[in-house]
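In: I'll drop the sequence and a predicted model, then ask my questions.
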Amino acid sequence: MRMRLRQSESDLSPRSSLELLRQIQHHQISLNGTRIVRGLSGIDDLQSRVLRALGDPLPDTEEFNQQLELDL
């Protein structure tokens, strides 16, 4: 992780990067025991920078939430 952050010329440390990524949340709740509702928190600029530096794709939170609405 440290090497990828350096290669991308990021000023973030692995520790701070992990802390930022921990804030991304996926929620799933069951309503009345049958209906499942899911959601993904928004991705801010710093979190996007970390994901790009690590070579990971950015999740499309709008598309994710739209797909979940269709599943209901």
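Out: Looks like it arrived, so ask away. Computed from a prediction, not measured in an experiment: that's the story for all the values here.
In: Count the neighbours of Ser17 for me.
Out: 22 (other Cβ atoms under 10 Å). For glycine as for every other residue, the C-beta is placed from the backbone atoms N, C-alpha and C.
In: Regarding it, what is its secondary structure?
Out: At Ser17 the chain is in helix, as set by DSSP: H, G, I helix; E, B strand; the rest coil.
In: pLDDT at it, what is it?
Out: At Ser17, the model reports a pLDDT of 95.
In: what do you get for Glu9?
Out: Taking Glu9 on its own, its pLDDT is 90.
In: how much space between it and Gln47?
Out: 17 Å (Cβ to Cβ, to the nearest Å).
In: Same check on Gln7?
Out: 19 Å.
In: between these two, who's got more neighbours?
Out: Gln47 (19 against 10).
In: ok, that one touching Leu21?
Out: Yes: applying Cβ atoms under 8 Å as the test, Gln47 and Leu21 come out as touching, 6.4 Å apart.
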